[in-house]
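Enquirer: Provided below for reference: sequence and predicted model.
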Amino acid sequence: MTKNRKNIFFLWILILCLIGVNHKAKAKEPLEKGNFFWHWHRKTCLTEENVKKILQFNIKGIFFHMGEFDYYRDKPRFKSFEFQADTFKKLKDLNSIQVHLVYTFSGTPKKAFVKYFNDNTEEAIEFVLEEIESNLNVFQGKGLKISGIQLDMETNLQLRNYTQLINTVARRFGRDYLISITPRVYWYKKKGFRELIKNVDFIVPMIYDYSIGKRAKSLMKVTDIKWIKNVLKKYKRLKKPFYAGLPTYSYCKIYNKKGRRVESWAILSVKEVSENKDFRLIKTKKGKGQNTYVFKAVCNTKLSGYTFSPGWIVKFNIITLELVKKYMNLVDTMNAHNLLGVAFFRYGYFKENLVLNEIEIAQALGYNEVKGCIPKGEVVINREDYKQLAIGEEVKINLLLINAGDQDSYVGRGANQLRFEVENGEIIKYDEGKFDSIKREKEKLIFREKHLSVNEAVYSGLIKIEVKAIPLILKISAKSLQLNKKAWCQSEKEVIKLFPLEEKIKFFIKREVKKKQTIDEEIRKRSQAEKQDETNPEKEKEINNQTETQKKDEDETNLETNSGIEREGKEQNQSQGGTKKEEDKKKVVP
C-alpha cells in the first residue's frame, strides 16, 4: 500500500513536471529592439488602412489601451474598450507584431480607484486579476495573439501597494506574457523603486509633460531635448530594459483674463484660431522643434464649444517633425544596451487636432520624404473678360494662395505672403478677402496670412484693373516660412500675358504660320543641296566609286559565306560518319 502511494506520488510529480514543460513551451516572447505606438482612445478603433500603415512602419508592436479601473457608487468597476463587430478582425491583422494590453487606474477624487486600492489592497488586486484574465480569455478565444500586460498607475499611489500588485500580476501571468509598467520620470529617485521594477520585464518611463503651464505667463512645454537626454542617462544606470516614452501630441490650453488656467486639454487647432477675427496673435516663439503661439480674444466669442471673454488667452505648444527626428537620433546614438527603442504616445489619426498623424510619423522615421509647406499662387480670371480686354476697359480677377506641401506653415503675422504685380495696367480696386491683411506699393499688392495648413487655399476679394496697354502683364509669386526650419520656401515668379480674345487668336495663327515658314525653308534648302550634288561631276565620281566598292565588298562576303556553308556541310558529314562508325563498333562489342 505504501509502495502504491509512493508510485502515485511520483506519478503526480511527473505529470506536474510535464505540465511545467508544456507551459514553458508557450513561453513569452523575447525582448527585442524596436519602436512601439500607444493606441489610446477607447471609443476609436483602428481601421484597415491604419493597420496597413502600422505594419509598413516596421514597428515592434502596439500598447493597446484596454480600459480603466475606477470606483463608482461605492463599487469598483472597469471601463473597457468599446468593441465593434470588426474589431477582432482588424486586431487579428496585427498578429505579426506584438500587442500589449494596457490598464490604467483613475486617481481623481470623485472616482478614485487608487484610493480604494490603497484602502482595500487585497480586494482590489483580486478584482484587477479577474478582469485581466477575462480579457485574455476573450482575445485568445477569438484567435488574437497577446504578447504582454502593461500597468499604468500614476497618481496618489503608495509604492508598497503598487509593488504588491505588480508582483501578483507577474506571478499569475508572467510565464506567458511580458509584464511592464509606465513610471513617471522622477520615480527613479524614490526609495523602493528598484523593488517596484524587480519583477517586470521592462519599463516605459513617460518623458513628456515637462511643464504644463499652470498660469498664462509660466512655461508651457510638452518635452525638452536636454531633459530627454538626462532622463535616458538616469534610466540607463538602472540596467533594466526600457523603452523611452516620447510624445507626438501638442498642447493647447485656455487661460482667463487673470492668467489662470481654465482648460488644460483644449481641442482646438492653430488653423481655426488664427483664421478667427475675434483672436489676435500676440506672441510667437520658435524653439528647438517646438513652436509656441499665443492668441488673445478681443471680444466675447465662441469657438468649437468653448466660450471666451475679452482678454482670455489661447496658448499652443506645437511638436514638430524636427523634434521627433532629434529624439529618435538621440535614442539611436545613446550607447545603452538596455535602451530598446521609442514608445510614441500616441497614435494619431488623420486630421486629428494636435497629434502627429501616421504620415508625419512615417516621415519622422525616415520612410517618407518631408516636402514642407509649398506655397503656390494662382490668378483666377473669367474667360468672358478676354472679350472686353481693350485699352481703357476693366479686368476683374481673384488671387489664390495654396499650400501644396505636406506640412503646415509657421504661425506669424507675415509667415505666408502672396505678391502680385501689374504692368500695362492700373489697380483701381482691391479687397483682402480671406487673407489676414493686405499692403499696396504702387501697382504691387502684398497679401499676408498668419497660418497655412496642408491643402488649404486662401483667396482674395475682387481686384479690378484698368488696361493701359496690350498685353496686360500680371506677375505673381508666393513664399511661406517653414514649420521646422528658419527658412522660407518661395515659388518661382509666374508671368501671365493677357491679350484680347481676337488678338490671342491672331497671335496663335501668326505663330503657326511662322512654324510652317521655317519648315518650308528647311525643305527648300535641302532640295537645293541635292540638286547641287547632282550637277557636280566630282560628286558623281565619288558616288560611283562608293557603289563599286560596295559591290566588291558584297561579292567578297558572298564568297566567304558560301565557303563557310561548304565547310559546315563537310564537317557535318564527317561527324555523321564518325558517329556511324562508333555505333557499328558498339554493335560488334559483345
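Expert: Looks like it arrived, so ask away. Numbers count the residues shown, from 1 in each chain.
Enquirer: how far away is Ala423 from Tyr188?
Expert: Ala isn't right for residue 423; it's Glu. Distance of Glu423 to Tyr188, computed by CB to CB, to the nearest Å: 68 Å. C-betas here are computed from N, CA, C, even on glycine.
Enquirer: Among the two, which residue is more densely surrounded?
Expert: Tyr188 (18 against 14; other CB atoms under 10 Å).
Enquirer: Name the nearest residue to the more buried one, sequence neighbours excluded.
Expert: Lys234 (5.5 Å; CB to CB, 6 or more residues apart in numbering).
Enquirer: show me where the stretch 51-200 of the chain has helices.
Expert: Secondary structure of the stretch 51-200 of the chain (DSSP state H, counting those that start in this stretch): helices located at 87-92, 113-119, 121-141, 159-173, 193-196.
Enquirer: In terms of secondary structure, what does the third one contact?
Expert: When contacts are defined as 3 or more CB pairs under 8 Å, 6 or more residues apart in numbering; DSSP states H and E, helix 121-141 sits against strand 61-72, strand 75-80, strand 98-105, helix 113-119, helix 159-173.
Enquirer: May I have the phi/psi pair for the residue nearest to Tyr188?
Expert: Per-residue torsions, Lys234: phi -60, psi -40 (degrees, to the nearest 10).
Enquirer: Can you get me a residue count around it?
Expert: Counted with other CB under 10 Å, residues neighbouring Lys234 total 13.
Enquirer: Which parts of the stretch 301-450 of the chain are strands?
Expert: With strands called from DSSP state E, counting those that start in this stretch, the stretch 301-450 of the chain shows them at 301-303, 306-308, 313-319, 339-345, 375-381, 394-403, 416-423, 425-429, 437-441, 444-449.
Enquirer: Sheet partners, orientation included, of the second one?
Expert: Within its sheet, and counting by DSSP bridges, strand 306-308 is paired with strand 301-303 (antiparallel).
Enquirer: Give me the buried positions along the strand it pairs with.
Expert: In terms of neighbour count (16 or more other CB atoms under 10 Å), strand 301-303 has its buried residues at 301, 303.
Enquirer: Ok, stretch 489-496 next?
Expert: 489, 491.
Enquirer: what's next to it, contact-wise?
Expert: 372-377, 379, 405, 473-480, 482 (CB atoms under 8 Å, 6 or more residues apart in numbering).
Enquirer: One more pass at 6 Å, please.
Expert: Contacts of stretch 489-496 with the rest of the structure, by CB atoms under 6 Å, 6 or more residues apart in numbering, involve 372-376, 379, 474-480, 482.
Enquirer: Could you do stretch 373-381 as well?
Expert: 397-398, 400-405, 407, 409, 418, 474, 476, 478-480, 482, 489, 491, 496.
Enquirer: First-to-last residue distance for stretch 344-356?
Expert: End-to-end span of stretch 344-356 (CA to CA, to the nearest Å): 10 Å.
Enquirer: got the buried residues for it?
Expert: 344-348, 352-356.
Enquirer: Can you name the two of the residues you listed that sit furthest apart?
Expert: Comparing every pair within the buried residues of stretch 344-356 by CB to CB identifies Phe344 and Asn353 as the most remote, at 17.2 Å.
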